[in-house]
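Undergrad: Below are the sequence and a predicted model; questions follow.
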Protein chains: 2
Amino acid sequence: MNAADLGLPVDVPSTALFTDQYELTMLQAALRGGTADRRSVFEVFTRRLPEGRRYGVLAGVGRVLDAVENFRFDPAVLEFLRERSIVDEPTLEWLSRYRFTGDVWGYPEGEVYFPGSPVLRVEGSFAECVLLETVILSILNHDSAIAAAASRMSAVAGGRGLIEMGARRTHELAAVAASRAAYVGGFDSTSDLAAGFRYGIPTVGTSAHAFTLLHDSEKDAFRAQVETLGRGTTLLVDTYDVAEAVRTAVEVAGPELGAVRIDSGDLLLVAHRVRAQLDELGARNTRIVVTSDLDEYAIASLAAAPVDAYGVGTQLVTGSGHPTCSMVYKLVARAASADPKAPLVPVAKKSLGGKASVGGRKWAARRTDAAGVAEAEVVGTGAVPADLADRQLLVRLVESGQVVGREPLEAARSRHIAARAGLPMSAVQLSRGEPVLPTEYA
Amino acid sequence: MNAADLGLPVDVPSTALFTDQYELTMLQAALRGGTADRRSVFEVFTRRLPEGRRYGVLAGVGRVLDAVENFRFDPAVLEFLRERSIVDEPTLEWLSRYRFTGDVWGYPEGEVYFPGSPVLRVEGSFAECVLLETVILSILNHDSAIAAAASRMSAVAGGRGLIEMGARRTHELAAVAASRAAYVGGFDSTSDLAAGFRYGIPTVGTSAHAFTLLHDSEKDAFRAQVETLGRGTTLLVDTYDVAEAVRTAVEVAGPELGAVRIDSGDLLLVAHRVRAQLDELGARNTRIVVTSDLDEYAIASLAAAPVDAYGVGTQLVTGSGHPTCSMVYKLVARAASADPKAPLVPVAKKSLGGKASVGGRKWAARRTDAAGVAEAEVVGTGAVPADLADRQLLVRLVESGQVVGREPLEAARSRHIAARAGLPMSAVQLSRGEPVLPTEYA
């Protein structure tokens, strides 16, 4: 089974139009002016984390690799660009042959990052690199925002189950990427079937209030559900009266009932009452799932409540107050001429209103203290100091146009958990604060 | 030229997997229990507007119609559902024949809405309607959030140009929908080529800082750009020193220079200085475009500045603080049996923590005062009062499974501007407040 065969848009035949028009007009001017072939280095980084956040979580790397691989200009796209007179004929001709042939290095997916971390580095001709700006930023800014929220939630969930269920609160395809990013950030499952289909993420779900309301009585609804989904199912118990629903649920399913779900009210109070009632009814193994407007703070506040799993929607897929990251894609070095042997010249925009960049092709390493805990994000140009050589963060993702950095999503998820565990303990405090690691420029 | 021919994911072959798993398990239980065919009415509404907002803007209706039309279960999807044991064989068999055959009514796209406005009503069997919940909410919650932000920005822009340029700050396909929603909300153009391709929205864009940095001097860069894009182009003047760049720009392009763009710094101050300098240099018709972290407040604060157009990114595509709406899709009435003539019974979840719903199939009308200004959103069940009969808001969108409500995007854009103009003047105040119209239940 293949998402592309199905035609489902989660596998994208071409990503070339996910591009701001100015990338193409710059290409045209560079082709005409003879600068298009200057060897160039672009880097992706943020100048700051969202206010109060202690670390960022890089997600979307795998999707970036798909996007780079699929970035090509089909006849219909070229025709559109021609009709609209967006670029001239020589540029269209150049685009029709476009394939990225350069190199991409980057932090591996799931890794944490800090202000100034060069999370992705794209090298090649100016022409081939500049075109990738928009789609790379779209992916990393969106996915990393979701992963950061997911990481905060998973850090405070204390090993209890975390279900991503925000599809209805975000764009239908952003939802698929959000499920993926949430999984990288530590979530266990998703309600979104497209995310299961495309990325193999475990999917869950049983019933909504509408199902109870469809029936003449709550008991009829529970019976219908248990009959076909089995006693292990999750029954939704807050359509009318919770205590009555719990009684009915155990009556219908027996003490083997899998779980009950509570989707409204004072979750702390209701969870305690429902647990006591379930235990009294002998349903000691019946789990409690809560799902009402949760965020990392609500999850933390339920730490002492008898809750077995959290379903999180809105606040997860909107990045818990920070729906995007501020990653930028900047030219940091370029050759002085189109000669492939011309040396690279570091370049940077002048500072004006805090938009300064640091020029030059960068490496990055995470320095640890004697106990092995991270103590600084070190970023530099030129040679890597010997003591940091084995702590470098960038890995090769694309080599001469060939994707070499693909990995299972599970690897990114494990990496994130390990990377977060390597940070100082204050990283997972929910309170606002400074980035937990300083960024040092070597 | 056709987006579907290209295979670009902005035209979706099937939307059936943009669905939460519980829609399918509810279907299975209803099929097994004999309730699947009960005639049902689902309605989409919000219980509240985002805090402080005066009105909502409905966007995404056209995309909902596409989604409903394309909602079908292909063999690969069915195989996925079978392999994962998500539903049983009779349910898979039912899904393989799925086509929506019911009716959809709704507020037309671009219309404003208020808490409780029944912006969409889906009628048919429980089985066929329940499946559409997730994708309908994804589309309306996302697109309406963007349109609401766009509307606030366009209300304060005073007729100056508004360019959507947020693609890099949101998921690459959410970006396309965001451009569309921004256009409905009053924006004029977009940087996103996919939005131009798919929806015909005018696209714009010329160059970024990278283009200047690629060259040995700013003058080289300007020359290369003007040579190929013409004197009417927009030159970016804040890479190094703004005053020097403006001087160079006019030197290179002459006073016919189309525009300069300022992307950093104190825009109010810099715009005044640049205007004075341009005028002094004789470039009186050269326009000024500003593009740095704008939102509706920044736009309003630049009302007195000599600015000709605003480019808005992050804050637009993230809904200016409210990246999603809280629309829900609720069963409000259903038949007492599968008999097609069985009367509809209003249903609603019991209130618990503010999640109450009003049962029954609803109409809505906007009452105006003697001067023709809207004074209330009236929502009711049963017969529409005679004095409101010609002020009804819901129109037919799908009739017996056939889409009948398709319209050009331009129509939605014009409708929004007219609808907003029909509200009390306080609607377009940026300050926080109550919804500008009360919702009355008749």
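TA: In hand now; what should we look at?

Undergrad: which residues of the stretch 251-400 of chain A fall in helices?
TA: A:267-280, A:296-301, A:314-317 (DSSP state H, counting those that start in this stretch).

Undergrad: what's the first one in contact with?
TA: This points to helix A:267-280. A:237-238, A:242-243, A:246-247, A:250, A:260, A:262, A:284, A:286, A:288, A:290, A:292, A:298, A:301-302, A:305-307 (CB atoms under 8 Å, 6 or more residues apart in numbering or on different chains). All C-beta spots, glycine's among them, are computed from the backbone N, C-alpha and C.

Undergrad: rerun that using 7 Å as the cut-off
TA: For helix A:267-280, the external contacting residues (CB atoms under 7 Å, 6 or more residues apart in numbering or on different chains) are A:242-243, A:246, A:260, A:262, A:286, A:288, A:290, A:292, A:301-302, A:305-307.

Undergrad: Quick one: buried ones out of those?
TA: Among the contacts of helix A:267-280, the ones that count as buried by 16 or more other CB atoms under 10 Å in any protein chain shown are A:242, A:246, A:260, A:262, A:286, A:288, A:290, A:292, A:302, A:305-307.

Undergrad: Redo the residues you listed as JSON lines? Include distance to residue A:406.
TA: Output for the buried ones among the contacts of helix A:267-280, formatted as JSON lines (distance: CB to CB, whole Å):
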{"residue": "A:242", "distance to residue A:406": "47"}
{"residue": "A:246", "distance to residue A:406": "47"}
{"residue": "A:260", "distance to residue A:406": "41"}
{"residue": "A:262", "distance to residue A:406": "41"}
{"residue": "A:286", "distance to residue A:406": "41"}
{"residue": "A:288", "distance to residue A:406": "39"}
{"residue": "A:290", "distance to residue A:406": "37"}
{"residue": "A:292", "distance to residue A:406": "38"}
{"residue": "A:302", "distance to residue A:406": "38"}
{"residue": "A:305", "distance to residue A:406": "41"}
{"residue": "A:306", "distance to residue A:406": "42"}
{"residue": "A:307", "distance to residue A:406": "37"}
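
Undergrad: ok, so of those, who is nearest residue B:60?
TA: Nearest to residue B:60 out of the buried ones among the contacts of helix A:267-280 is residue A:292 (CB to CB; 25.0 Å).

Undergrad: Next up, phi/psi of that closest one, please.
TA: phi -110, psi 100 (degrees, to the nearest 10).

Undergrad: pLDDT value on it, please?
TA: pLDDT recorded at residue A:292 is 90.

Undergrad: residues in contact with residue A:404?
TA: Residue A:404 neighbours (CB under 7 Å, 6+ apart): A:396-398.

Undergrad: ok so, going back, and chain B, which of the contacts of helix A:267-280 contact it?
TA: Among these, none lies close to chain B by the criterion of CB under 7 Å from any CB of the partner chain.

Undergrad: Grab the nearest non-local neighbour of residue A:187.
TA: residue A:162 (4.5 Å; CB to CB, 6 or more residues apart in numbering or on different chains).

Undergrad: secondary structure element for that neighbour?
TA: Take DSSP states H and E as the rule and residue A:162 turns out to sit in strand A:161-164.

Undergrad: Can I get that strand as PDB, trimmed to CA atoms?
TA: The C-alpha trace of strand A:161-164 is given here as PDB (Å, rounded to 0.1, in the frame of the first residue of the first chain):
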ATOM      1  CA  GLY A 161      -0.800   7.800  27.600                       C
ATOM      2  CA  LEU A 162      -1.000  10.800  25.400                       C
ATOM      3  CA  ILE A 163      -3.400  10.800  22.400                       C
ATOM      4  CA  GLU A 164      -3.200  13.500  19.700                       C
END
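
Undergrad: C-terminal to that strand, what's the next element?
TA: Moving toward the C-terminus from strand A:161-164, the next helix or strand (DSSP H and E) is helix A:172-184.

Undergrad: could you say what helices and strands that following helix packs with?
TA: helix A:133-156, strand A:161-164, helix A:193-199, helix A:314-317, helix A:409-421, helix B:133-156, helix B:172-184 (3 or more CB pairs under 7 Å, 6 or more residues apart in numbering or on different chains; DSSP states H and E).

Undergrad: looking at those, which is buried most?
TA: Of all the helices and strands packed on helix A:172-184, helix B:172-184 has the most neighbours on average by mean count of other CB atoms under 10 Å in any protein chain shown, namely a mean of 31.

Undergrad: Report the angle between that one and helix A:133-156.
TA: 110 degrees (axes from the mean of the first three to the mean of the last three CA atoms, to 10 degrees).

Undergrad: what does helix B:172-184 contact?
TA: Counting by CB under 7 Å, 6+ apart, A:18, A:135, A:138-139, A:171, A:173-174, B:9-10, B:59-60, B:63, B:109-110, B:142-143, B:146-147, B:150, B:164, B:166-167, B:170, B:190, B:192, B:194-195, B:198-199, B:201, B:316-317, B:409, B:412-413, B:416 sit against helix B:172-184.

Undergrad: Residue A:360 is in contact with residue A:41, correct?
TA: No. With contact defined as CB atoms under 7 Å, residue A:41 and residue A:360 do not form a contacting pair (8.2 Å).

Undergrad: hey, what's in contact with both of these two?
TA: A:332-333.

Undergrad: Those two: who's more crowded?
TA: Higher neighbour count among residue A:41 and residue A:360: residue A:41, with 27 against 17, using other CB atoms under 10 Å in any protein chain shown.
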